[in-house]
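Enquirer: pasting the sequence and the predicted model now:
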Amino acid sequence: MNRKRILGSSSLAAGMLLMIFQALLIGIAEPRGYWLIHEWQFYLINYGIIIFVLGGVAWLVSNAYVKWGFALIAIGLATANTTFFYYMGDANVLIAESENGEHEVILKEYPKMKKETARLERRGLLFGREVDVLEGSSAYKAVEDEGYKIQWTAEDIAALTYKTSDYGTVDHQIYNFRSSDYVSYQNVAVSLIGKWMEQGNPENYFMSDNNELVYAKDGELYYYNIRNTEQFGIYTLVVRGDPSKPAFTVTLEPGTEFGEDGLIKEGGSITITPVELGDTESAEYYRE
Amino acid sequence: MKVLKIGLVGLAALVLSYGAFKVSTDTIATINSEYVIKSPAVAEAPPLPEVTADVDKIMSHPVQGAAETTLPVDTAQDYVIYETGLYVTVNEGESWIPVPDDRELGYARISDYLDGISRSNMYLSPAKIAIVYGGRGPENISILRTDSLGQGWSVGSISRTATQDLENGYDEMHIDFIDGGQTGYFAAVRDDVGSEAETLAFRSVNSGVTWDPISRGDTLYEEIMAHFELREARDE
């Protein structure tokens, strides 16, 4: 076996291996919700297949017409791959790690496609599993427009705020990494009944009677209806605002204990984080 | 001949590339058009009914009192702020009645209003003690009263008297009972509202259990203003 044949066979074998990988990716992984975190890797593999197969043919085949034929096919495939890469492979991948590095939020957005922005859960070094998609992200691409913010309201809870239109409308998602068996599910809104004072700044407070919510912040007073809240997971409540009042999240502290009445026991604390795209700071509140 | 071959191959490459590009873009357009949106943007939900911004929901509720006590104070006044509490006396300082905090959620607490408390906030007699306070931020004005020298108190709040201002509430409050304690007059003055002072007036015909607002222009409004000498003082 001469050197050309060895090189050609190796090149073809490498191309075949990459093809098998792509086939498994498309045929098995993708239907199950698994995909490469970074989209460019898929197209890079395609280029690899084209190059290895073309190289293999060039080394193994002596007929010039066959070689040119393969070269033309390779040009066509490379053009197609480049076109797909430009439209579908141009993905914005956002990876936000918690401060302690234990958790991460991965978002993948396709700015040139209708495909929605997906949240991925990492599976190994390269793969992610799609767990949900951002509401409204088919029409408006927040990451591309830099209209988003991820805040870790606790070491294991991330709050994503993102624009949903050019008109400044925003939405929010809470990603909870705190382990729970869900047996101890609590209604966060109910557990908050009472008055909560900001640590070191009692003029800021939050009050709930499980019907109306009162939020006093920096000298301003805001009222909310309990129906304008949404619980995410078992630890976080989002209080939705409108143009006249701010939205904010209420996050229960790890290890929060509840009484038989469902209320947070004395000594418990909550974290309130304003929901907006600008700079904001979380504040810890204690029950009065 | 070689040039012709190269030219033909180049042309074929161009045609093939264009064809591949066209097929690719068409495929992408099809993928886009056939994509089924999983989570579309939802239209704005219809607005919910306005919250009342009013925490008054019941007529009154009880507040636990504490026993009369003696205080190491020397004052001619019949009320004193001692340490962090308000005390009143109806026997010239022989004993002092501690005024309790109303711990009910959303109601004003006397301890938060001690800075603004003056004699006009109180009606003190052996048969009845009434103290008015509150009105800052979301808290309505509360009227704390006892007919048992502080053993048991009852607190009621007056709807829609919360100023919604976290810094400044009412500047003055005046309360009094006439007709042997059956009829109560109450006025709350707020100076820092627009160009002129705002004075709210209320009357109770059941010893202070409930209070009815009296509107400006009503002869009773003038009567209450005159009773507390408010109109004259403000006109000067």
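Expert: Okay, I see it. Residues are numbered from 1 along each chain as shown, chains lettered A, B, ... in the order given.

Enquirer: CA atoms for contacts and neighbours, from now on please.
Expert: Will do.

Enquirer: all helices for the chain, in order.
Expert: Picking chain A for this. Secondary structure of chain A (DSSP state H): helices at A:3-24, A:40-60, A:64-87, A:188-191.

Enquirer: nope, chain B
Expert: Counting by DSSP H, the helices of chain B are B:2-34, B:219-227, B:230-235.

Enquirer: chain A is nearest to which of these?
Expert: helix B:2-34 (4.9 Å; Cα to the nearest Cα).

Enquirer: list the buried residues for the closest one?
Expert: Within helix B:2-34, the residues that count as buried by 16 or more other Cα atoms under 10 Å in any protein chain shown are B:9, B:13, B:16-17, B:20-21, B:24-25, B:28.

Enquirer: how about stretch B:74-86?
Expert: Neighbour-count burial for stretch B:74-86 [16+ other Cα under 10 Å]: B:78-81, B:86.

Enquirer: among the buried residues of helix B:2-34, which are within reach of chain A?
Expert: Contacts with chain A within the buried residues of helix B:2-34, as defined by Cα under 8 Å from any Cα of the partner chain: B:9, B:13, B:16-17, B:20-21, B:24-25, B:28.

Enquirer: can I get those residues in a markdown table including pLDDT?
Expert: Converted to a markdown table, these look like this (pLDDT from 0 to 100):
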| residue | pLDDT |
| --- | --- |
| B:Val9 | 83 |
| B:Ala13 | 88 |
| B:Leu16 | 91 |
| B:Ser17 | 92 |
| B:Ala20 | 93 |
| B:Phe21 | 95 |
| B:Ser24 | 95 |
| B:Thr25 | 95 |
| B:Ile28 | 95 |
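
Enquirer: redo the residues you listed as CSV? Include distance to A:Lys108.
Expert: Output for these, formatted as CSV (distance: Cα to Cα, whole Å):
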residue, distance to A:Lys108
B:Val9, 40
B:Ala13, 35
B:Leu16, 33
B:Ser17, 30
B:Ala20, 27
B:Phe21, 25
B:Ser24, 22
B:Thr25, 22
B:Ile28, 18
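
Enquirer: and the furthest pair within those residues?
Expert: Spatially, the most separated pair among those is B:Val9 and B:Ile28, at 27.8 Å (Cα to Cα).

Enquirer: from the stretch 51-200 of chain A, which residue is nearest to chain B?
Expert: Closest residue of the stretch 51-200 of chain A to chain B, Cα to the nearest Cα: A:Gly136 (3.7 Å).

Enquirer: and the stretch 151-288 of chain A, which residues reach chain B?
Expert: Checking the stretch 151-288 of chain A against chain B by Cα under 8 Å from any Cα, the hits are A:164, A:194-195, A:207, A:209, A:212, A:214, A:216, A:219-221, A:223-225.

Enquirer: again, only using 7 Å
Expert: A:194, A:219, A:221, A:223-225 (Cα under 7 Å from any Cα of the partner chain).

Enquirer: so which of those belong to strands?
Expert: Using DSSP state E, A:194, A:221, A:223-225 are the members of those that sit in strands.

Enquirer: which of those sit farthest apart?
Expert: Taking Cα to Cα, no two of those sit farther apart than A:Gly194 and A:Leu221, at 16.6 Å.

Enquirer: any weak-confidence spans in the stretch 151-288 of chain A?
Expert: Counting by pLDDT under 70, the stretch 151-288 of chain A contains low-confidence ranges at A:180-185.

Enquirer: identify the residue nearest the geometric centre of chain B.
Expert: Centrality entry for chain B: nearest residue to the mean C-alpha point is B:Pro138, 1.1 Å, by Cα atoms, centre = their mean.

Enquirer: in this structure that one contacts B:Thr161, no?
Expert: No - here B:Pro138 does not reach B:Thr161: they are 8.9 Å apart, not a contact under Cα atoms under 7 Å.

Enquirer: quick check: closest non-adjacent residue to whatever residue of chain B ends up closest to chain A.
Expert: As assessed by Cα to the nearest Cα, chain A sits closest to B:Ala41 within chain B, at 3.7 Å. The shortest distance from B:Ala41 to any non-neighbouring residue, by Cα to Cα, 6 or more residues apart in numbering or on different chains, is to A:Gly136 (3.7 Å).

Enquirer: same question, A:Asp218
Expert: Closest to A:Asp218 by Cα to Cα, 6+ apart is A:Asn204, at 6.4 Å.

Enquirer: what's the local residue count around that neighbour?
Expert: 20 (other Cα atoms under 10 Å in any protein chain shown).

Enquirer: what do you get for A:Pro246?
Expert: A:Pro246 has 16 nearby residues by other Cα under 10 Å.

Enquirer: just the one 10 residues further on next, same as before
Expert: Other residues lying near A:Thr256 total 14 when counted by other Cα under 10 Å.

Enquirer: what's the burial count for the nearest residue to it once chain neighbours are set aside?
Expert: Excluding the flanking residues, the one nearest A:Thr256 by Cα to Cα, 6+ apart is A:Gly268, at 6.0 Å. If you count neighbours by other Cα under 10 Å, A:Gly268 ends up with 17.

Enquirer: from chain B, how far out is A:Gly268?
Expert: A:Gly268 sits 18 Å away from chain B, taking Cα to the nearest Cα, to the nearest Å as the criterion.

Enquirer: buried residues in stretch A:78-92, which are they?
Expert: For stretch A:78-92, by 16+ other Cα under 10 Å, it's A:78-85, A:87-92.

Enquirer: quick check: closest non-adjacent residue to A:Ile272.
Expert: A:Val250 (4.7 Å).

Enquirer: what sits against the residue nearest to B:Ala41?
Expert: A:164, B:39-41 (Cα atoms under 7 Å, 6 or more residues apart in numbering or on different chains).

Enquirer: pick the one among these closest to A:Ala14.
Expert: Taking the contacts of A:Gly136 together and measuring to A:Ala14 by Cα to Cα, the closest member is B:Ser39, at 40.2 Å.

Enquirer: residues contacting the closest one?
Expert: B:Ser39 sits in contact with A:133-136, where contact means Cα under 7 Å, 6+ apart.
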